[in-house]
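Enquirer: Quick one, fold the following:
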Amino acid sequence: MTDFNLVVIEGRLVRDADLKYSKDGKPFTTFSIASNYWTGKEEAASFFDVVAFEELKLSKGDKIRVQGVLRQDVWEKEGQKMTKIKIISGKVDKLFHKKPEQKADDSKEFKDDIPF
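Expert: As a prediction, this is how the structure comes out:
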């Protein structure tokens, strides 16, 4: 009997997504997202590594929602047991792109040439 394992995380990419291909030529995309939360005194963030078994074009700052399952990798390094939990994505929704920073001289101004 398997247990229930489902996670939904919303956040922003901390760097551009990395598209790779498996040995049999299938695409997979790896990326990390930061999900903000309020501690009661200040804003903080949790960071999550994600693997999506599809080709995704995602850029640093994009806001996304990831639905998937948690998986734990276990390995040994220098005699110590290491573990890392990551999200294996079932679905990724791009909510919107990061807005480019607006320069001070690009501000909207009212023009005197309005015809009324």
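
Enquirer: so where's the protein shaky on pLDDT?
Expert: Applying pLDDT under 70 to the chain picks out residues 98-116.

Enquirer: Next, the residue positioned nearest the centre of the chain: phi, psi?
Expert: Taking CA atoms, centre = their mean, the centroid of the chain lies closest to I33, which sits 3.3 Å from it. Torsion angles at I33 (phi, psi; degrees, to the nearest 10) stand at phi -120, psi 150.

Enquirer: give the contact list for it.
Expert: The contact partners of I33, taken as CB atoms under 8 Å, 6 or more residues apart in numbering, are 9, 11-14, 47-48, 50, 64, 66. Quick note: C-beta positions are derived from backbone N, CA and C, even for glycine.

Enquirer: let's see it at 7 Å
Expert: Contacts for I33 were tallied using CB atoms under 7 Å, 6 or more residues apart in numbering; they are 9, 11-14, 48, 50, 64, 66.

Enquirer: Go through the residues you listed and name the one nearest F96.
Expert: I64 (9.1 Å; CB to CB).

Enquirer: hmm, back to that, mind putting the contacts of I33 in JSON lines, neighbour count, secondary structure and distance to K81 included?
Expert: Converted to JSON lines, these look like this (neighbours: other CB atoms under 10 Å; DSSP: H, G, I helix; E, B strand; the rest coil; distance: CB to CB, whole Å):
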{"residue": "I9", "neighbour count": "17", "secondary structure": "strand", "distance to K81": "26"}
{"residue": "G11", "neighbour count": "22", "secondary structure": "strand", "distance to K81": "29"}
{"residue": "R12", "neighbour count": "17", "secondary structure": "strand", "distance to K81": "32"}
{"residue": "L13", "neighbour count": "20", "secondary structure": "strand", "distance to K81": "30"}
{"residue": "V14", "neighbour count": "15", "secondary structure": "coil", "distance to K81": "27"}
{"residue": "F48", "neighbour count": "19", "secondary structure": "strand", "distance to K81": "22"}
{"residue": "V50", "neighbour count": "23", "secondary structure": "strand", "distance to K81": "23"}
{"residue": "I64", "neighbour count": "21", "secondary structure": "strand", "distance to K81": "32"}
{"residue": "V66", "neighbour count": "22", "secondary structure": "strand", "distance to K81": "27"}
